[in-house]
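# kindly return the folded structure for what I paste below:
(chains A, B, C and D)
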Protein chains: 2
Amino acid sequence: MRERVTLRDVAHVAAVSAKTVSRVVNGDAHVTPATRARVQQAIADLGFQPNLVARSLRVGRADVVGLVVESLADPFFARLTSAVEQAAHERGLAVMVSSVGNREPERESVIVESLLVRQVAGLIVAPMAQSHAYLAGTGRRTPIVFIDRLPEGLVSDAVLVDDLAAGEMATRHLLDHGHRRVAFLGSELRNPTTRLRLAGYRRALATHGLADEESLVAVGAGTAAEARAAAEQLLAAPQPPTAIFSSNMRCSLGLVPLLHGRGRTDVAVVSFDDFAMADSLVPAVTVLDHDPEVIGRAAAERLFRRLDDLDAPPETVTVPVRLVPRGSGELRPDDREVVPDHDRPQDRLQDMARHGGEGRTSTMTSLNAQEGAR
Amino acid sequence: MRERVTLRDVAHVAAVSAKTVSRVVNGDAHVTPATRARVQQAIADLGFQPNLVARSLRVGRADVVGLVVESLADPFFARLTSAVEQAAHERGLAVMVSSVGNREPERESVIVESLLVRQVAGLIVAPMAQSHAYLAGTGRRTPIVFIDRLPEGLVSDAVLVDDLAAGEMATRHLLDHGHRRVAFLGSELRNPTTRLRLAGYRRALATHGLADEESLVAVGAGTAAEARAAAEQLLAAPQPPTAIFSSNMRCSLGLVPLLHGRGRTDVAVVSFDDFAMADSLVPAVTVLDHDPEVIGRAAAERLFRRLDDLDAPPETVTVPVRLVPRGSGELRPDDREVVPDHDRPQDRLQDMARHGGEGRTSTMTSLNAQEGAR
DNA sequence: AGCCGCGTTGTCATCGATGTCAAGCCTCGA
DNA sequence: TCGAGGCTTGACATCGATGACAACGCGGCT
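Here you go, the predicted structure:
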């Protein structure tokens, strides 16, 4: 129930000035060992703990990083947050998290500003808002690292996924499983992400010496329903694809139920982005997945380097995606039968028993692997 | 790229004192409408934003709540964090999260102190450490709400789950499905949580007019392996149970793989705590589940009330648990055959299509429901 | 011996906001 | 007309730490 102890109290007990105590606390070299010892003794006796808010005011910034994501409840962002928090902790920084929610992207600016007024040293933002004009003059005072998407017309540090390589990887995966008619399902081409993934798709085709067939590329689907319709068209074509690369989650949410509803689970599918239930369907959906731990740490480290050198030119870090084979992407063009599924739960059971709720594995192979609550 | 704007700058432009600007910013009533307007104009012109760090120093506390959990990557804590963050945001508070990690519970004190020195207004802690002596005098200065477990020898605000009711609910669920020989599998009785759940189990038996049979209660299993052994004993008994209430996750991690390995999926199971894969097994495991959103919000609101009245006596909030029927708990004593499983994924598919990746449903029925990454 | 230089320590102002207290002004009633 | 009381506004100190700068003491040098 001790009263708050300040530098001055310690100074008084150690018979030195507050400034000297400050030097000891901050590890300043210019202090005599004898003085240092006396001060440290006083600190210990009084149980002094520096007030970081006061320090923050004086030095003009808090030793805190702000993190802005869409939703903390989303496992992707949860793991990202965890990675950022670990990296920050190693550097002695605290983390303030805020979620924007998926309803109103405009809330992003409010959230960001609520962190700025708290003088965070830096921000990591997974952008949702359309415009980032509100960030106009902020960058210099408070560095920002963007995740996953670079806001329009802003040059800034960012951590992006390698969409080109990802598109190529997905497509090659299907080609390697014997498919020759691989379709591309994507949303609007305005989206640079989609463009890059499509480019990767084409590059993989070219590498395999295949022509890029116009009729196999279905883009423009903005919603799951539109994606479903686009997929229906693909399947109804005279020479339908035997495999489909669904280049984002929304598309998959249209495509996959369609295939299951029609009993067309013989069509091979690789989906970008993991999505709910992707691994409990039969066959489970092979996905290209971002590794949130890798992205989070990369973003944190990019930010730290920026804090150490505010004047270096902006840098973009590109992280690879992983392909998580689960069944749907490993179907061959002549497969008419689905892999029996009753061995899959068994596999997982063994996995579960092996990990036994004790340690967390450092690299998880399945995105959906999750520890039980508590 | 504007320089930082302070109260004084605004005061200068509006030709008033800094104090008056402060009054306007804080909505103090004692300001002439004319003055107020002039000040607000100046604030808008200069783009002034108050420096919350300075305010925090002055008032002695930051408008921040600290949250300490085991792991942010754990979906339970992720959703809890999300709920806390939302509640805090509604009150204008930011949230600093820190995770302790499951390796060294002693790190808890370091984490908590790193938040205290940042002058957080209050803390929400899911305790892991054995001793909380380090919190000795803290409570008065910085209120703490504990989640799920009350630290030894500390009277404090807390949010606990209703273990008694939960034990009763699980057991009654099994009894209602026709079972008469229901076993209880639990860890050490030293653990008050286990004691309460066992009491609930007994109460349900009593309500159904059943005797409490000693041989059906297996407690003391500290690890999954021990739980497995205990379950083996139960099943090998002359009159084995037809249903088992596994009273915590560790027990379930011993019990469930055993049943599956032995092909004894005819034994009904209700498990406390959701766990990895619980819903993708066949049959999926019926669980009693904490609702992290409810717990998080309850903790936040308890904390806010405490902030409003530091002298009220400590209060414990008890939240109910939910029973999530998934199959294993709905088996009847005479069931020899497992529900065919291929319709379950279909159900989910429809579910998935219906929600279509658009809105987040406000109350999720399945704990494991999760949005895809991004 | 006296001066220089270096390393230690202290004084003072400051970061930006707010609590305290009082001054100034206005209104109303005696 | 004058004083009391209320409201608006401002001057000043303060929260706790740190940066700039100065003073001090001591050893080495000429």
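
# do the longest strand belonging to chain A and chain B meet at all?
Of all the segments assigned as strand in chain A under DSSP state E, the longest by residue count is strand A:62-69. Yes. Counting by CB under 8 Å from any CB of the partner chain, contacts between strand A:62-69 and chain B involve A:A62, A:V64. Every residue, glycine included, has its C-beta placed from N, CA and C.

# from B:G296, how far off is the closest residue to A:A211 other than its chain neighbours?
The shortest distance from A:A211 to any non-neighbouring residue, by CB to CB, 6 or more residues apart in numbering or on different chains, is to A:L205 (7.4 Å). Separation of A:L205 from B:G296 (CB to CB, to the nearest Å) stands at 48 Å.

# for A:V110, give me its contacts.
With contact taken as CB atoms under 8 Å, 6 or more residues apart in numbering or on different chains, A:V110 is in contact with no other residue.

# buried residues in the helix or strand containing it?
Secondary-structure element containing A:V110, defined by DSSP states H and E: helix A:107-116. With burial defined by 16 or more other CB atoms under 10 Å in any protein chain shown, the residues of helix A:107-116 counted as buried are A:R107, A:E108, A:S109, A:I111, A:V112, A:S114, A:L115, A:L116.

# and the nearest residue to the fifth one once chain neighbours are set aside, how many neighbours?
Leaving aside its chain neighbours, A:V112 sits nearest to A:V68 (6.0 Å; criterion: CB to CB, 6+ apart). Residues within reach of A:V68, counting by other CB atoms under 10 Å in any protein chain shown, total 25.

# which residues does A:V68 contact?
For A:V68, the contacting residues are A:V97, A:S98, A:S99, A:V100, A:E108, A:I111, A:V112, A:L115, A:L123, A:I124, A:V125, A:A126, taking CB under 8 Å, 6+ apart as the criterion.

# report pLDDT for the fourth one.
Reported pLDDT at A:V100 in the predicted model: 90.

# ok, it touching A:E106?
No. With contacts defined as CB atoms under 8 Å, A:V100 does not count as touching A:E106, sitting 9.0 Å away.

# ok but A:V159 is inside a strand, no?
Yes. The secondary structure assignment for A:V159 places it in a strand, going by DSSP: H, G, I helix; E, B strand; the rest coil.

# what's the burial count for it?
Residues lying near A:V159 (other CB under 10 Å) number 26.

# that one pairs with what?
In this structure, A:V159 has beta-bridge partners A:I147, A:V317, where bridges are defined by DSSP bridges.

# pretty sure it is touching A:E315, no?
No. Distance between A:V159 and A:E315: 9.7 Å, which falls outside the contact criterion (CB under 8 Å).

# overlap of the contact sets of the two?
Overlap between the neighbourhoods of A:V159 and A:E315 consists of A:R302, taking contacts as CB under 8 Å, 6+ apart.

# any weak-confidence spans in the stretch 1-150 of chain A?
Within the stretch 1-150 of chain A, the segments meeting pLDDT under 70 span A:1-3, A:137, A:139.

# tell me the contacts of A:G254?
For A:G254, the set of contacting residues under the criterion of CB under 8 Å, 6+ apart consists of A:A221, A:T223, A:A224, A:A225, A:E226, A:A227, A:R228, A:A229, A:A230, A:A231.

# how near is it to A:V112?
The gap separating A:G254 from A:V112 is 32 Å, by CB to CB.

# if we can go back for a sec, ok, then the element right after the longest strand of chain A?
The element immediately downstream of strand A:62-69 (helix or strand, assigned by DSSP H and E) is helix A:75-90.

# tell me which residues in that following helix are buried?
Neighbour counts using 16+ other CB under 10 Å place A:75-89 of helix A:75-90 among the buried residues.

# swap in stretch A:224-233?
A:A224, A:E226, A:A227, A:R228, A:A230, A:A231.

# next one: stretch A:179-193
Using 16+ other CB under 10 Å as the test for burial, stretch A:179-193 gives A:H179, A:R181, A:V182, A:A183, A:F184, A:L185, A:G186, A:S187, A:N191, A:T193.

# before we move on, what about stretch A:26-34?
A:V31.

# near chain B, anything from it?
No. With CB under 8 Å from any CB as the measure, stretch A:26-34 is seen stopping short of chain B, the closest distance being 14.0 Å.

# what's in contact with that stretch?
Residues external to stretch A:26-34 that are found in contact with it (CB under 8 Å, 6+ apart): A:T20, A:S22, A:R23, A:V24, A:V39.

# sounds good, over and out.
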